[in-house]
Each structure stands twice: as structure tokens, then as C-alpha cells.
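Participant: Provide a 3D model corresponding to the input given below.
(chains A and B)
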Amino acid sequence: MSTLAPSPAAPAADARPARPAYKVTAARVVRSEWAKLWSLRSTWITLGLALVFLIAFGLIAAAQFKSRLDSGRHMDRDFADASTLSLSLFGTNFAQLALGVLGVLIAAGEYSTGMIRSTLAAVPRRLPVLWAKAGVYAVIALVLATVGVFAAFLTDTGILAGTRAAMTLSSAGAVRGLFGASVYLALVGVIGVALGALLRSVAGGISVLVASLMLVPGLVSLLPTDWQSHLSPYLPSHAGEAMFALHHDTTTLSPTAGLLVFLAWTVLALAGAAVRLVRSDV
Amino acid sequence: MIEAHQLTKRYGEKTAVDRLDFTVKPGTVTGFLGPNGAGKSTTMRMIVGLDAPTSGSVRVNGRRYAEHAAPLQEVGALLEARSIHPGRTAFNHLLAQAHTHGIPRRRVEEVIELTGLQSVAKKRAGAFSLGMGQRLGIAAALLGDPATVMLDEPVNGLDPEGVLWIRNLLTSLAAEGRTVFVSSHLMSEVALVADHLIIVGRGRLLADTTVQELVRQAGGDIVKVVSADPAKLRSVLAGTGVEITGRSGSEELLVTGRTAREIGTAAAEHGIALYELSPRTVSLEEAFMDLTRDAVEYHGTTTAPAETLRSAA
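Facilitator: Numbering: from 1, shown residues only, chains lettered A, B, ... in the order given. All right, here's what the predicted structure looks like:
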């Protein structure tokens, strides 16, 4: 801490021993958030669950399809139209919950525990914390989701070879769909972080996340039909689905449009979180 | 150095901090005193930018806290409420804080040793006792080797050993030339370590003073003297700045403005026999209670409602 080496020409004005010069930088805030994320058990558990959901449900869906096909049992329309891509992405619905909830925990968990006071005392400019949290988690979720969907797809390729749902990585739309799904999952995670920071409550963040991804589409279907057709494709969940669906028709957005709309939702949530973070006392 | 200028914080109708002006100077321990609800914690949160002032400003070493390149090196703060994630180990908590400033791992180990947390550093902070939690908070406050150390009610809930440890820590931090700013609602605790006192009540500044000055203002040192001839002693001791009280017919006098030594010498010179000579310091606690009587948020007596109404009006 203190330097004992005598410095004969030490200026009289500075009698105290030289102190190291520390500085807060964006990269250091990212490093801190990275360390914070991995030092909690909930991170490992939730990420593990997300990966299991992606791979196991993709596998189960494919096996189920195969067995029904072999036994000639009746399949409902959705299932009958299935492809290797759609079956391997069956776990996406469940993984998005795990990843979204972890996102909420990353931000709102700091408020519920009081950790936010330590965090913002170290980085009183505040916004770098939000960007670092969102960025770090986006990358982690993206890598995990990519591993998960590709693993599920490659396994399912083996199971479904020779059936009418058969696809390989070289099939049209396969790689695009898989990357679309992993980008979608990463963005759901970022939206979770944003909602957690915006609402500062774990329960509130999870509720809004689940509602906007799963309940709102149901509510919109109660609207008059012509409103529905204009509104529906732009809902977060429908725009997200467009990113990884194999077939697109007039009622859905193209993958690119889906990505842009979903990105817009993400940016909106982050903007709300940023305003609240800067404006409100903690 | 902390400088507050007309610092104000309002929550709706309630004014938690009301136009505070004060300066906390380096190299001293400054006590921040006031009854519960006086606005001490709110003031401290504003100093490190967790709460934004409604008006006025507070500067740390010449700048707003958030404007410093390395805030943890300017002010290390232990805030009243726990500020840790219970699922993280003490070591990982400190390391994550250190990362933001590029503080080396070596320094993390140093503060763990300094606060005596070696044996529990790898345990999750949620399992910590109150005392361990306080030590971890202090370790975090010292992490950036800060010029100013600010502690909000550090001895709250600590056992005697912990209290003694904090006391010694504060004194040694000030001896190293740091600014130490420590809040408490217990005068007796602060008087042991602080040189300077900032006393607040209901968010207002009541006194910006030193311990000696506060005692002097509260009536100073009283000497009780019992003698064979109180009437003669009275006339011997009389002079400017001297106040003598005593009931007639009693051998006892209470003298302010003269030391016990002076009284003893004067009595000997005049051949007055003394039976008792005892200096009595006004308790700081009493002086503090006097000062804050009107500002106490919640009185324990039945006069409280009237008091509250009057001040709310």
C-alpha cells in the first residue's frame, strides 16, 4: 500500500505516500459484471436449465414425431407440418423463460438484495452498469443458445433422417433459422435485464416478461380481426417467431423484419431502464 | 474533504434534509450526530450520489462524487443498510467491486486481512452475522484506499469487541491523514473518537462544533466543593466569569469558571478547610439531548402529539 522507498526530492506539498491511480473504465465495468454473474449459483443453475430445455425438448419433440409417424397415429396440423428445424426448436419456448428470468434476476436481484448501492457507489455514472449487464449477458445467452439449438438440430437430423420432416444444415433456411432462434433467445435475456432494471422487482420483472411474451398474444386475439392482422405480427413473441420460422406467409413478418421489430422492442425496454436508472434514487 | 452547500432533500411533503451547510475537514474524525430520522443516512446517500439532492449540492474533494475518475478512491462508504448480494462470497463481492476500478486482487486480500475476515472470505455473505456483515462493509469501504471514509452507524448491533475494533480503526484512519465521517445517534459513542461534531435534527443543522465547545456551551465543567466556611470561600473565589451556587445553610457550593486546582489553592491560602473537592463534567449525552430535544422525531412522552403538530404546521 505505502511505498517505503525514500524519495529525496519529494515535494513538500505532497507529504502522503503516493497512492495508486485507479480509474473506472467501460471495460472494467464489463469485467466486474462478468465476475458478478459467474459468482452466483443461480446463474449456473438457470443457464444449465436453459441448455437442458433446448436440447432435451428438441430431442423429445423429434422422438415423439418419429414414433407417431411410424405408428401412423393421428397428428394435429402443427405437428404434421413439422420440420427438423421446428422440432429441434421446440425447447425455445421453455429456454426463453429460463433466460428471461435470469436476465430479470441479474438486474432486479441487485435491488432486492441492496447490492445496487455497492454497484452504483463504485460506478456513480450508472449507465455503464446497465450497458455492461446487458452486453455481458447478451453474449453469454447467445453462446449458450447457439450451442443448444445446434446440438438439438444435429441430434434431430439423425432421428428424423428419411422422414418427411428431414432436414440437414445445408437445407434452405436451416442455419438462418437456428441463428435466428439463438439471437431471439439472447434478446429475450436482454429484455429481461431491461425489465429488471426498469421495475426494480424480481416478481414484477418476471410477470411483465411472461405477460408480454405469452399472454399478450392471447389478449390480442380478442380484438376485432382487422386490428388483429395489423397488430399481431408486431408483437414481441410473433416478431421473434418470424426470426426462426421456416415458412413465412402474409400474416407473418420476414425474418429480417422480425429481427428489426424484436430489436426495436429490446431497445425500447433498455431505454426505459436507462431513464429510470439515471433518474431515480436507489 | 466533504462540502455540503444548502443541501436539501424532500420526499413529497416531508423534508428529510433541510438546507444543510457543513464541511468535513481532512485528518480529523468528524461525528455526524442526530436522533433517528434526522436525515443522517439521506445526507450520506447524497454524498455518494445514490440519492439526488432536491436542491443544493454536496462536493467531495472539490467535485461531485460521480465526476471523479475513481470514486472509490475518493470516498469509501459503509451505508446503513446491507449492500451485498447474500449469494456471493465475501471475496467475490470485493473482487467484483475492485474490478470496476482496476484495483488489484492483492488489495482485496489486504482489506480482508485488515478487517479480520480471512476465515470467512470464501463463505457466502448471506450467512454472515451482523458483525461480520459490518466488517465486510468496511472492507468494501477501504478497498479503494480512499481519502475519505464515511461510515453510517458503524457500531449498530456490534458486540463490545466489534465496537472497540471500529473505534480503533476510526482513530487510525484519521491518523493516516484521511477524512473520517461517521454517523451515530449515540453521543457517548461518537465523543470517544470524534474531534469535530456536526449535529442535525429534523434535517436541519443544529451545531457544527467540537466536543470541548459543546461541553462548554452546555454549562462547562462544574466543581463541587464542600468546605467549613462556604460564605468566606464564596467571596474568595468570586471574580469575572465565575459562577457560584449553593443553598444557604449548606456546606456545599457548585463552582463554574474555576478549576478544582485553583479552588484548592485559594482555600489553602485563606485557611479554609475543604471536605470535598470534585470536578464534575456535564455529560455529553445531556448536552446532546438538550440540543436535540426539539428535533427528536418520536418522543417517548405524552407531550409528543402537541410537539409534532406544532412543527408540522
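Participant: quickly find the element holding residue 267.
Facilitator: You didn't say which chain, so I picked chain A. Element membership for A:V267, per DSSP states H and E: helix A:255-279.
Participant: other chain: chain B
Facilitator: helix B:260-269.
Participant: from the contact counts, what lies against the helix holding A:V267?
Facilitator: Applying 3 or more CB pairs under 8 Å, 6 or more residues apart in numbering or on different chains; DSSP states H and E, we find helix A:255-279 packed against helix A:127-160, helix A:174-199, helix A:236-244. Glycine gets a C-beta too; all of them are placed from N, C-alpha and C.
Participant: now do the first one and helix A:255-279, the angle between them.
Facilitator: When axes from the mean of the first three to the mean of the last three CA atoms, to 10 degrees is applied, the directions of helix A:127-160 and helix A:255-279 differ by 150 degrees.
Participant: show me what helix A:127-160 is packed against.
Facilitator: Using 3+ CB pairs under 8 Å, 6+ apart, the elements in contact with helix A:127-160 are helix A:26-38, helix A:41-71, helix A:84-88, helix A:92-113, helix A:174-199, helix A:255-279.
Participant: packed most tightly, which of the ones you listed would that be?
Facilitator: Most buried of the helices and strands packed on helix A:127-160 by mean neighbour count (mean count of other CB atoms under 10 Å in any protein chain shown) is helix A:84-88; its value is a mean of 28.
Participant: need the contact partners of that helix.
Facilitator: A:58, A:61-62, A:65, A:149, A:152-153, A:155-157, A:160, A:165-168, A:171, A:173-174, A:177-178, A:244-246 (CB atoms under 8 Å, 6 or more residues apart in numbering or on different chains).
Participant: so B:V17 sits in a helix?
Facilitator: No - going by DSSP: H, G, I helix; E, B strand; the rest coil, the assignment for B:V17 is strand, not a helix.
Participant: and stretch B:185-202, how far from the chain's centre?
Facilitator: Computed by CA atoms, centre = their mean, to the nearest Å, the chain-centroid distance of stretch B:185-202 equals 3 Å.
Participant: in terms of secondary structure, what does the helix or strand containing B:I166 contact?
Facilitator: Using DSSP H and E, B:I166 falls within helix B:160-175. Applying 3+ CB pairs under 8 Å, 6+ apart, one finds that helix B:160-175 makes contact with strand B:29-33, helix B:130-142, strand B:148-152, strand B:179-184.
Participant: so what's the residue in the stretch 101-250 of chain B that chain A sits nearest to closest to, chain neighbours aside?
Facilitator: Using CB to the nearest CB, B:H101 is the residue of the stretch 101-250 of chain B that sits closest to chain A, at 4.0 Å. Among residues not flanking B:H101 along the chain, A:Y22 sits closest, at 4.0 Å (CB to CB, 6 or more residues apart in numbering or on different chains).
Participant: just for chain A, where's the confidence low?
Facilitator: By pLDDT under 70, the weakly predicted segments of chain A are A:1-18.
Participant: for it, what lies in contact range of chain B?
Facilitator: Within reach of chain B by CB under 8 Å from any CB of the partner chain, chain A has these residues: A:1, A:15-16, A:19-25, A:28-29, A:31-33, A:35-36, A:39-42, A:109-110, A:113-118, A:120-126, A:281-282.
Participant: excluding its backbone neighbours, what's nearest residue 41?
Facilitator: Because you didn't say which chain, this covers chain A. Using CB to CB, 6+ apart, the closest residue to A:R41 is B:G87 (6.1 Å).
Participant: was after chain B, sorry
Facilitator: That would be B:E80: by CB to CB, 6+ apart, it lies 4.9 Å from B:S41.
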